[in-house]
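In: What follows is a protein structure lacking sequence information:
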């Protein structure tokens, strides 16, 4: 989603960075397979996920905890200026670009 819009984000002077719980090795394989152009960082200890409230209780077969797909627009001072929770892929990159 974001890789296809990399040039548009670059034109605004903004960067897209992905973060997930997966290992660096797993990310390297995923980046290669999906031809991603943005950096993908590892949060194996869930520090970032918990800090941003992207780690939540999920109710499936029993109560579990898991990651909630979320996007955050952060300004130069490190403040969250907009957030998207329960992200749906279709049109999401364009919505974030519009907000930028």
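Out: That came through fine. This structure is a prediction, so every number in the text was calculated from the model and none was measured. Numbering: from 1, shown residues only.

In: what residue is smack in the middle of this structure?
Out: residue 18 (4.3 Å; CA atoms, centre = their mean).

In: what sits against residue 2?
Out: Applying CB atoms under 8 Å, 6 or more residues apart in numbering, we find residue 2 in contact with 9, 16, 18, 38, 93, 96. Glycine gets a C-beta too; all of them are placed from N, C-alpha and C.

In: Take those and keep only those in strands.
Out: residue 18 (DSSP state E).

In: Quick one, which of the contacts of residue 2 are buried?
Out: 9, 16, 93, 96 (16 or more other CB atoms under 10 Å).

In: Closest one of those to residue 86?
Out: residue 96 (14.3 Å; CB to CB).

In: mind checking which helix or strand the spatially closest residue to that closest one that is not a sequence neighbour is in?
Out: Of all residues not flanking residue 96 in the chain, residue 71 sits nearest, at 5.8 Å (CB to CB, 6 or more residues apart in numbering). Residue 71 belongs to strand 70-74 when assigned by DSSP states H and E.

In: what's that strand packed up against?
Out: Counting contacts by 3 or more CB pairs under 8 Å, 6 or more residues apart in numbering; DSSP states H and E, strand 70-74 packs against strand 80-85, helix 92-99.

In: hey, which of those is tucked in deepest?
Out: Of all the helices and strands packed on strand 70-74, helix 92-99 carries the top mean neighbour count, a mean of 15, counting by mean count of other CB atoms under 10 Å.

In: lowest-confidence helix or strand of the protein?
Out: Lowest on mean pLDDT, DSSP states H and E among the helices and strands of the chain sits strand 63-67, with a mean of 65.
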